[in-house]
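**Student:** A structural model of the following input is requested.
(2 chains)
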Amino acid sequence: MSTVLPNPIRPAFTETLGEGHVIVNIGPSHPATHGTIQIVAELDGEKVVRTDVHCGYLHRGFEKECESHTWHNLIPYVDRLNYCSALINNFAYCDAVETLMGIEITPRCRYLRTLLAEYSRLADHLTCIAASLMELGAMTAFLYLVTIRDYIYEHLADLTGARVTYSYGRIGGLACDLPEGWLERLGTILEQYEDFVGRVHGLMDRNRIFIDRMRDVGVLTAAEAVNWGYTGPILRSTGVPRDLRKDTPYLAYAELDFEVPVGIKGDNYDRYFVRMREMDESVHMIHQLMDMLPGGPVSVEDRRCVLPDKQLVYTEIESTINHFKLIIDGPQVPAGDCYVAHESANGELGFYIVSTGAGIPWKVHCRAPSFVHMGGAHRMLDGYQLADIVPTFGSINMIGGECDR
Amino acid sequence: MSRPDAGTMREQLAGEGREVVVSHGTVVVELAPVAVLATAQELKARHGFDLLLDVTAVDWPQREPRFDVVWHFYSTRHFLRVRVKTQVAAADPVVDSLTGLYGSAGYMERECHDMYGIRFRGNDDLRPILLYEGFEGHPLRKDYPKRREQPLVPYRK
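**Tutor:** Coordinates of the predicted model:
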């Protein structure tokens, strides 16, 4: 019994450009393509002549699903966009809704969100670098980096109850305040980070094999990067110092001292190094934020969006009604639309939300950096070797959850 | 170098049948579909909006014309955002493609075509990107039932 299944994609080319060329299909079932990206490549021997990159294998109707849940109920879905740094998604989405509602979050929440966003960036970059080094065979460096990442995951689980999908942001604040001893443990992890990342620098930076695989491979010029919509570490690796945290500061970034590391020529090595340097800047920011963290509540006193205290729900009728209204009808977000962008680990993460004044969004659109980056990925793959696809693709840090939504 | 702020940019972009306001820090330009390409050219060449961030649409089934098509631009020089909005009818949802100006438009227009059925004149590569070949309908239109399934591989009994 064999039925021929239709091909889910239509490749951009089925004929080769030159004699002796072959067209091969890489992924989606390939460990280096995260099981979600399909690259149709024309090869001349080992050389990649042209590529056609397809995504969508992880499409799960995120935006459609958002249109039938209350503004609050979306937060777990938002987690699953970039699941390597879910907190940044949480905070960007909440910021968008808060902008439309005209809510100003409390000082403690603002600093905590900044701290946790940087902590997530650290985890995201660790994952990206660890995975791409492992794909080049650097198992020791991989284990050093994921060790730290796992400390971070466990530490965030202490705070939020989950290792990866935290659902910790709330419209108007955060789910809860820090547990006892959380900041002390943070200090210890950051010390261990210095130790492990120092070892990775020692293993990789001047490693002949590593440099041969990374230097002058997957080169992107600054003009091309802008033309293809690149943001984040990839744009910065081409020498363009654009970072939303510096250019249009949000949360508490205006009060922090940090640098925007840039690369020289936009190759794989620069992308590796920009991420390594950004992690150091994130740690520097976290240290500053630990000292600056003010006291006070983590959520605003706004009955339009923040759930009342459980004690009050059980003892007074206004709070009971308030609780039920927020759960059943959802927070009433004033009609209108807005676009809010945060600098996520991969680049500009934007939320374009449209409200009709109801408790359910009319539209939630996520401008995902990974999706846009896939649109220009062929510029980094074409002209190099077949074996270069793996490190180049790894250095883009495509995250299937946000790419395919 | 002094950078123009959103208010200055609003004044510079106003006129020529364009309605320009500043909303939550973003300059919002509303215009007719025919003016999109020329405005994008002007934004890029004259005002330094070199990054096309996003292309999407909004479906208003009760309204005529039914769709808003929405673009977001960013200037890496002025650190400003511009949202360009236009309305197209369900009978002929066509706007000009920006692929000639921005490479990033290609993928995003394909997604918008997938999800809303907006056609981009001048983009001859509107193959499905998040959906698959043979997918019927446009899932983000409000009249597409959320639970409708179109499995490519038949479900096992």
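**Student:** is the top helix by length along chain B positioned near chain A?
**Tutor:** As assigned by DSSP state H, the longest helix anywhere in chain B is helix B:105-116. Yes. Judged by CB under 8 Å from any CB of the partner chain, helix B:105-116 comes into contact with chain A at B:106, B:107, B:108, B:111, B:115. Placement of C-beta: from N, CA and C, glycine included.
**Student:** again with stretch B:125-139
**Tutor:** Yes. Counting by CB under 8 Å from any CB, chain A is contacted by stretch B:125-139 at B:125, B:127, B:128, B:129, B:130, B:131, B:132, B:133, B:134, B:139.
**Student:** which ones are touching residue B:109?
**Tutor:** Residue B:109 makes contacts with B:55, B:97, B:98, B:99, B:118, B:120, B:123, B:126, as judged by CB atoms under 8 Å, 6 or more residues apart in numbering or on different chains.
**Student:** with adjacent residues omitted, what lies nearest to residue A:122?
**Tutor:** For residue A:122, ignoring the flanking residues on the chain, the nearest one in space by CB to CB, 6 or more residues apart in numbering or on different chains is residue A:282 at 4.9 Å.
**Student:** cool, and residue A:219?
**Tutor:** Spatially, and ignoring its direct neighbours in sequence, residue A:219 is nearest to residue A:267 (4.7 Å; CB to CB, 6+ apart).
**Student:** and that neighbour, how many neighbours does it have?
**Tutor:** 22 (other CB atoms under 10 Å in any protein chain shown).
**Student:** quick one: contacts for it?
**Tutor:** Neighbour list for residue A:267: A:214, A:215, A:216, A:217, A:218, A:219, A:220, A:237 [criterion: CB under 8 Å, 6+ apart].
**Student:** for residue A:274, same thing?
**Tutor:** Residue A:274 makes contacts with A:233, A:236, A:237, A:261, A:262, A:263, as judged by CB under 8 Å, 6+ apart.
**Student:** buried subset of these?
**Tutor:** A:233, A:236, A:237, A:261, A:262, A:263 (16 or more other CB atoms under 10 Å in any protein chain shown).
**Student:** isn't the fifth one right up against residue A:239?
**Tutor:** Spelled out, it's residue A:262. Yes. Using CB atoms under 8 Å, residue A:262 is in contact with residue A:239, at 5.1 Å.
**Student:** which of the residues of stretch B:125-139 next to chain A has the most neighbours?
**Tutor:** Highest neighbour count within those, by other CB under 10 Å: residue B:129, with 27 neighbours.
**Student:** what's the neighbour count on the residue nearest to that one when sequence neighbours are not counted?
**Tutor:** Excluding the flanking residues, the one nearest residue B:129 by CB to CB, 6+ apart is residue B:110, at 4.1 Å. Applying other CB under 10 Å, we find 22 residues neighbouring residue B:110.
**Student:** with the one 10 residues further on instead?
**Tutor:** Neighbouring residues of residue B:120 were enumerated by other CB under 10 Å; the total is 24.
**Student:** adjacent strands (with direction) for the helix or strand that the longest helix of chain B is followed by?
**Tutor:** Next in sequence after helix B:105-116, counting helices and strands by DSSP states H and E, comes strand B:119-121. Paired with strand B:119-121 in the same sheet, following DSSP bridges, are strand B:94-96 (parallel).
**Student:** quick one: the strand it pairs with to chain centroid distance?
**Tutor:** 10 Å (CA atoms, centre = their mean, to the nearest Å).
**Student:** buried sites along that strand?
**Tutor:** Within strand B:94-96, the residues scored as buried using 16+ other CB under 10 Å are B:95, B:96.
**Student:** got a list of what the closest residue to chain B within the stretch 101-250 of chain A touches?
**Tutor:** At 2.8 Å from chain B, residue A:229 is the closest residue in the stretch 101-250 of chain A, using CB to the nearest CB. Counting by CB under 8 Å, 6+ apart, residue A:229 touches A:372, A:373, A:375, A:376, B:51, B:52, B:53, B:102, B:103, B:104, B:108.
**Student:** need the strands for chain B, in chain order.
**Tutor:** Under the criterion DSSP state E, strands of chain B are mapped to B:19-23, B:26-30, B:51-59, B:67-74, B:81-88, B:94-96, B:119-121.
**Student:** show me what the lengthiest helix in chain A is packed up against.
**Tutor:** Longest among the helix segments of chain A by residue count, using DSSP H, is helix A:107-135. When contacts are defined as 3 or more CB pairs under 8 Å, 6 or more residues apart in numbering or on different chains; DSSP states H and E, helix A:107-135 packs onto helix A:86-101, helix A:139-160, strand A:173-174, helix A:182-204, helix A:268-292, strand A:336-344, helix A:389-396.
**Student:** average model confidence for it?
**Tutor:** For helix A:107-135, mean pLDDT is 93.
**Student:** list the buried residues in that helix.
**Tutor:** Within helix A:107-135, judged by 16+ other CB under 10 Å, the buried ones are A:107-135.
**Student:** same deal with stretch A:205-216?
**Tutor:** Buried residues in stretch A:205-216, defined by neighbour count with 16+ other CB under 10 Å: A:210, A:213, A:214.
**Student:** from those residues, which ones fall inside helices?
**Tutor:** Judged by DSSP H, the buried residues of stretch A:205-216 include A:210, A:213, A:214 as members of helices.
**Student:** circling back: so the longest helix of chain A versus helix A:139-160, what angle?
**Tutor:** 160 degrees (axes from the mean of the first three to the mean of the last three CA atoms, to 10 degrees).
**Student:** gap between helix A:107-135 and the chain center?
**Tutor:** Here helix A:107-135 is found 9 Å from its chain centre; the criterion is CA atoms, centre = their mean.
**Student:** got the angle for it vs helix A:182-204?
**Tutor:** 30 degrees.
**Student:** which ones among the contacts of residue A:274 map onto helices?
**Tutor:** Among these, DSSP H puts A:233, A:236, A:237 in helices.
**Student:** which residues touch the second one?
**Tutor:** Looking back up the chat, that one is residue A:236. Residues near residue A:236 by CB under 8 Å, 6+ apart: A:242, A:243, A:260, A:261, A:262, A:263, A:274.
**Student:** make JSON lines from those residues and add pLDDT to it.
**Tutor:** Listed next are those as JSON lines, based on pLDDT from 0 to 100:
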{"residue": "A:242", "pLDDT": "91"}
{"residue": "A:243", "pLDDT": "91"}
{"residue": "A:260", "pLDDT": "93"}
{"residue": "A:261", "pLDDT": "93"}
{"residue": "A:262", "pLDDT": "93"}
{"residue": "A:263", "pLDDT": "92"}
{"residue": "A:274", "pLDDT": "94"}
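**Student:** and those residues, which is closest to chain B?
**Tutor:** For the contacts of residue A:236, the residue nearest chain B by CB to the nearest CB is residue A:242; the value is 5.2 Å.
**Student:** what about the closest one, neighbour count?
**Tutor:** Residue A:242, neighbours per other CB under 10 Å, totals 24.
**Student:** OK, now which residue of the stretch 251-400 of chain A is nearest to chain B?
**Tutor:** residue A:375 (3.1 Å).
**Student:** could you check how many residues crowd around that residue?
**Tutor:** Count around residue A:375 with other CB under 10 Å applied: 23.
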